[in-house]
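Undergrad: Sequence and computational prediction follow.
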Amino acid sequence: QVRLVESGGGLVQAGGSLRLSCAASGRTFNDSPMGWFRQAPGRERAFVAAISWNGGSTGYADSVKGRFTISRNNAENTVSLQMGSLKPDDTAVYYCAATSRVGRYYYTDKESYTYWGQGTQVTVSS
């Protein structure tokens, strides 16, 4: 059974940093893109960042560009999201996502992802 487990969420003051991690088990995703999405209360799940199978290509939502960095470690089957200069608007549940598609690039739409973690709460206080 494939599982994605996020960790690293918490409460942080505006301007602070957090690092989220996602560990995959049940299969490897070394040849597939992975991504991070977030969902704030009352809002749809939205794209945050994605990374190609080898880390050579990355993409970010405009709202996080320059503040967040996605990375992956294929040897450990993990993907991480380093978040800096956090704002109250970044408050949301953050989800790790993986796809069964094999490809050179990454995906920004949630429909392209097959597997999802349970999410980790990030709260940024003003």
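TA: Yes, it's here.
Undergrad: Look up the closest residue to the residue nearest to the spatial centre of the chain, ignoring the ones flanking it.
TA: The centroid of the chain falls nearest to residue 36 when counting by C-alpha atoms, centre = their mean (2.1 Å). Excluding the flanking residues, the one nearest residue 36 by C-beta to C-beta, 6 or more residues apart in numbering is residue 48, at 4.4 Å. Placement of C-beta: from N, CA and C, glycine included.
Undergrad: With residue 45 instead?
TA: Per C-beta to C-beta, 6+ apart, closest to residue 45 is residue 39, 4.3 Å.
Undergrad: Residue 103 too?
TA: In space, residue 103 is closest to residue 33, 6.5 Å off (C-beta to C-beta, 6+ apart).
Undergrad: On the three-state scheme, the residue nearest to the centre of the chain is what?
TA: strand (DSSP: H, G, I helix; E, B strand; the rest coil).
Undergrad: on that earlier part again, pretty sure the residue nearest to residue 45 is touching residue 97, no?
TA: No - counting by C-beta atoms under 8 Å, residue 39 stays clear of residue 97, with 11.8 Å between them.
Undergrad: so residue 78 bridges to which residues?
TA: residue 23, residue 73 (DSSP bridges).
Undergrad: Touching, it and residue 24? I think so.
TA: Yes - taking contacts as C-beta under 8 Å, residue 78 lies within contact range of residue 24: 7.0 Å.
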